[in-house]
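Visitor: My questions are about this predicted structure, shown below with the sequence.
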Amino acid sequence: MDKGKIHEVISESIIPARDKDKRPVLECSHLGITFGGLVAVDDFNLTVGATEIAGLIGPNGAGKTTVFNLLTKVYQPTHGTILLDGQDTRGMSTMQVNKAGIARTFQNIRLFDKLTVEENVKIGLHNQIKCSTVSSILRLPSYWKTEKEAHEKALELLSIFDMQDMADYKAGSLPYGAQRRLEIVRALATNPKLLLLDEPAAGMNPSETAELMENIRKIRDTFQIAILLIEHDMNLVMGICEGIAVLNFGRIIAKGSPEEIQANPTVIEAYLGKKKED
Amino acid sequence: MKGKKTLSKTSKNNFITMGGLLLVYVIVLILKEGGITTNLINGQLVPICAYMIMAISLNLTVGILGELSLGHAGFMSVGAFGGVLVGTLMQEVSDSKILCLLVAVIAGGVLAALAGFLIGIPVLRLRGDYLAIVTLAFGQIIKSIVNILYVGLDADGLHVGFIEKPEILEEGKMIINGAMGATGIRKLSTFTFAFIVLMLCLIVIYNLIQSRTGRAIMALRDNRIAAESVGINVTKYKLLVFAISAAMAGMAGTVFAYNYSTVAPTKFDFNTSILVLVFVVLGGLGSMRGSLIAAALLTLLPELLREFSDYRMLVYAIVLILVMLGTNNPKIRDFFAKIVGKIKSVFVRKKTAKEENANG
Amino acid sequence: MEFLSNVINGISLGSIYAIIALGYTMVYGIAKMLNFAHGDVIMVGAYVCFFMTSRYNMPAVVGILLSMFVCTVLGIVIERLAYKPLRQATSLAVLITAIGMSYFLQNGAQLLWTSNPKVFKSVVGDGGVQLTEGLYVSHVTLVTIAVCVIIMIALTVFTGKSKMGKAMRACSEDKGAAQLMGINVNTTISITFAIGSALAAIAGVLLCSAYPNLVPTTGSMPGIKAFTAAVFGGIGSIPGALIGGILLGIIEIFAKAYISTEISDAIVFAVLIVVLLVKPTGLLGKKISEKV
């Protein structure tokens, strides 16, 4: 790969016009991580607008999920800075980053399998509706009040995906698509500023995917949050993302609007391989 | 959707367990007062309650938090000797038996909770089997320390000695006497007192599980990384569970010790930790009701099998292995499930037939 | 001189721990289970050797070989009957079964051989060597260290070079993949148990030669300590078991010599906790990171 060429094709800001006056929710600069000698992500620069739906695409093994793990501090970055709504997340733990406003879903679904759907969402509400351990053990009035509040809020959040009827099912017993949706609801319950979705449409059929696209838009409009998603389904990515960044071998090789990305020769090359010059 | 929410299934189950426990208590009390139960059983009532507390408190760590502990008896030991020590000091101040016992139990719980908190700290860095070995090591350390600990009381106050027995005045007495353990304990524990402590522990555990805190703990068990990603403080909740679980084990230790006139440190060794773990696993991880039943049956069973004294532990071992194979091997389990299913289907068919008859 | 003598005794005791720890570590590496009954296999080995040499006056070599044979068979039978049906079960279920097996062996031994202590006759005699002035080392001590060295070299060569050794390493990395490569996983696990149990027999004979008091619970405390040694060195690692065992032996002997016999166990376990705090997977253990 020709490195000089890569930098030329990066068109700078992809923030939509309506977010131009607001502070971007996420600003990554020169973000990177090396495992031993292996450079997994290098010089990753990305800005996500306050209510933008952005996409992160790239071939398998490009380092997309690693970027999510860096943003949520599952891995501590070895280089660069992450500003979340202007706040530097350096030194924060996964838990603190979530409290600061980043919520995520996982590529390999990570639900609390043995607990019910409602309990999963309530766990997402952990830092939103609080009740001390002592009040809980003594069943003080604050316990009953917060439990009721959490129950209602959980059902309200589940209704985004029409899942309120599944509230009492065990999360592990749900069909695959419903599990993916529940992960999104659980992430939303933490009241994030930025929602990271790792392959939300994986394993879904075209009609489910279409519905998901609608719902992602709905979530953005209702909660006025930014969404950054990793997805291989190009219909979904090109359909709802306003800005797209393409990652290959741990580096961004292109950024731009869906139209720009589709026409970008470097991107096509990364996905399909180089054409033989004849 | 469901209109006004009635009791959830879990709450209902919890009430059934608590009600059942209360019922058993009343029946045993009546039998005991009526002189029907044998001395053998009467002597086991307090230990059974203590082991039940041990089982449910360990279940909180193993079944709800999902961390294996092989040193739960260590906390019982801390509670037993700490409790007896404080209780004996209390005796000097007050004559009230119940006050002494109450203060002793609280002290035992607090001291054990401190120990639990301490042992919880390394736990934060360790996973799985490495964590289990640290709890095992902790249990051994406690046993060794109590083995060389001498505490005497006389007119000059407390005398503490390690390895060497401290010199005390003639009219003084040894409270903790090295490998002999605590001696000269007043038998203050009663069945009713032990039962009340057990019931309180059970209520605390049930209330804890069905709350924001309990959900956070179970989230850690089911998927730590996901729990962190929704903002749950791993450190806080692990330490909390270790401290609560240890406090209950400590109270059980005090209650247990006050049932005897002497208690040796070997009463709370590795084998005791394993015994309690067996209660928890056989009763079902996370099921408090199972732990209670397993603790009661498995404490009583060897006592009832005394006639087969030589063979009882061998039989116990064989039963243990067979039950584990029966409940955990899919083939054997399916075999049992089929039999149960057949019996059930016969029963259900009869029932529906009856209903049809009644309707027709 | 006293110091040197303590070091040698520590290495000798540590060698016994190391040989036992090998059994734990190999089984853990391949079957991912804590075989709590391992300590009791040691005891069975010691009893077999005791009866052969003291009751039937057979030569020590016959006693040792026979005890290795009995333990090997015992190890395979235990694995087939109790652990194999639980291959898919949770690790806790396997642990409890292993504990049941440990109870079974201890109580079985008590029924067969009573709990009266037997005085084990050292297989290498009672003599010793005066190395230098003030430094007397018993034969048992020297033989124990030599046996440990031989076993270590043999095992390293076996796992590194032989076909079965490679199969074992493959199974411990990934059982599914090993099976797809045509390795018989069940046979490999059985052989691991067989080797571990044969080593346990040797450890039992050496242990009782050094500490001649033989009762049905003889194996449990050395078992726990050897397990600790395996974790100390990093469970699953063969050199780890050696280092863990020797260090544990030295710490124990030093604690006994310079601090107090009663508190030596507490010190051994306290050191273990400190080591795990610094190195959460033991001295030579592999760091396992979860894929997200």
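Guide: Now that the structure is in, tell me what you want to look at. Residues are numbered from 1 along each chain as shown, chains lettered A, B, ... in the order given.

Visitor: per-residue pLDDT, residue 74?
Guide: Here I'm looking at chain A. As predicted, A:Val74 sits at a pLDDT of 93.

Visitor: I was after chain C.
Guide: At C:Leu74, the pLDDT value in this model is 96.

Visitor: residues near it, how many?
Guide: By the criterion of other C-beta atoms under 10 Å in any protein chain shown, C:Leu74 has 22 neighbours. Heads up, the C-betas are built off the backbone N, CA and C, glycines and all.

Visitor: Close to chain A: what parts of the stretch 151-300 of chain B are there?
Guide: B:204, B:207-208, B:211-216, B:218-219, B:221-223, B:225-234, B:240 (C-beta under 8 Å from any C-beta of the partner chain).

Visitor: buried sites along stretch A:35-44?
Guide: By neighbour count with 16 or more other C-beta atoms under 10 Å in any protein chain shown, stretch A:35-44 contains the buried residues A:Val39, A:Ala40, A:Val41, A:Asp42, A:Asp43, A:Phe44.

Visitor: near chain C, which of those show up?
Guide: Of the buried residues of stretch A:35-44, not one also sits near chain C (C-beta under 8 Å from any C-beta).

Visitor: now, among those residues, which is nearest to chain C?
Guide: A:Ala40 (12.6 Å; C-beta to the nearest C-beta).

Visitor: my guess is the closest one is in a strand, correct?
Guide: Yes: under DSSP: H, G, I helix; E, B strand; the rest coil, A:Ala40 falls within a strand.

Visitor: And the pLDDT for whichever residue of the stretch 101-250 of chain B sits closest to chain A?
Guide: Using C-beta to the nearest C-beta, the closest approach of the stretch 101-250 of chain B to chain A is made by B:Ser211 at 3.4 Å. On pLDDT, B:Ser211 comes in at 95.

Visitor: that older thread, among the buried residues of stretch A:35-44, which two are most distant?
Guide: Using C-beta to C-beta, the buried residues of stretch A:35-44 reach their maximum pairwise distance at A:Ala40 and A:Asp43, which is 12.1 Å.

Visitor: quick one: which of the buried residues of stretch A:35-44 is nearest to A:Ile15?
Guide: Closest approach between the buried residues of stretch A:35-44 and A:Ile15, by C-beta to C-beta: A:Phe44, at 16.8 Å.

Visitor: Taking the stretch 51-200 of chain C, what residue is nearest to chain A?
Guide: Of all residues in the stretch 51-200 of chain C, C:Thr90 sits closest to chain A, at 12.9 Å by C-beta to the nearest C-beta.

Visitor: number of nearby residues for that residue?
Guide: Using other C-beta under 10 Å, C:Thr90 is surrounded by 12 other residues.

Visitor: give me phi/psi at it?
Guide: Reported as degrees, to the nearest 10, the phi and psi values for C:Thr90 are phi -70, psi 160.

Visitor: For the closest residue to it other than its chain neighbours, give its distance to C:Ala82.
Guide: What sits nearest to C:Thr90 in space, not counting adjacent residues and going by C-beta to C-beta, 6 or more residues apart in numbering or on different chains, is B:Asn328, at 7.3 Å. With distances taken as C-beta to C-beta, to the nearest Å, B:Asn328 is found 11 Å from C:Ala82.

Visitor: Return every residue with contacts to both of those two.
Guide: Counting by C-beta atoms under 8 Å, 6 or more residues apart in numbering or on different chains, the shared contacts of B:Asn328 and C:Ala82 are C:Thr97.

Visitor: residue ranges of the strands in the stretch 101-250 of chain B, please?
Guide: B:149-154, B:157-162, B:173-177 (DSSP state E, counting those that start in this stretch).

Visitor: Which secondary structure elements does the first one sit against?
Guide: This points to strand B:149-154. On a contact count with 3 or more C-beta pairs under 8 Å, 6 or more residues apart in numbering or on different chains; DSSP states H and E, strand B:149-154 meets helix B:72-93, strand B:157-162, strand B:173-177.

Visitor: make it 6 Å
Guide: Contact analysis of strand B:149-154 by 3 or more C-beta pairs under 6 Å, 6 or more residues apart in numbering or on different chains; DSSP states H and E lists strand B:157-162, strand B:173-177 as its packing neighbours.

Visitor: Buried ones in the shortest one, by neighbour count?
Guide: Along strand B:173-177, the positions that meet the burial threshold by neighbour count (16+ other C-beta under 10 Å) are B:Met174, B:Ile175, B:Ile176, B:Asn177.

Visitor: nearest to B:Arg127, of those?
Guide: Closest to B:Arg127, out of all of these and judged by C-beta to C-beta, is B:Ile176, at 35.8 Å.

Visitor: What does the pLDDT read for the nearest residue to the closest one once chain neighbours are set aside?
Guide: Nearest residue to B:Ile176 in three dimensions, chain neighbours excluded: B:Val151, at 4.3 Å (C-beta to C-beta, 6+ apart). Note on B:Val151: pLDDT of 90.

Visitor: what sits opposite B:Val151 in the beta ladder?
Guide: B:Val160, B:Ile176 (DSSP bridges).

Visitor: That one and B:Ile175 touch, don't they?
Guide: Yes: assessed by C-beta atoms under 6 Å, B:Val151 is found in contact with B:Ile175 at 4.8 Å.

Visitor: As a check, name the ranges of all helices in the stretch 1-150 of chain B.
Guide: In the stretch 1-150 of chain B, the helices defined using DSSP state H, counting those that start in this stretch lie at B:9-33, B:39-59, B:72-93, B:97-123, B:128-147.

Visitor: Is any residue of the fourth one near chain C?
Guide: Yes: using C-beta under 6 Å from any C-beta of the partner chain, a contact is recorded between helix B:97-123 and chain C, made by B:Pro122.
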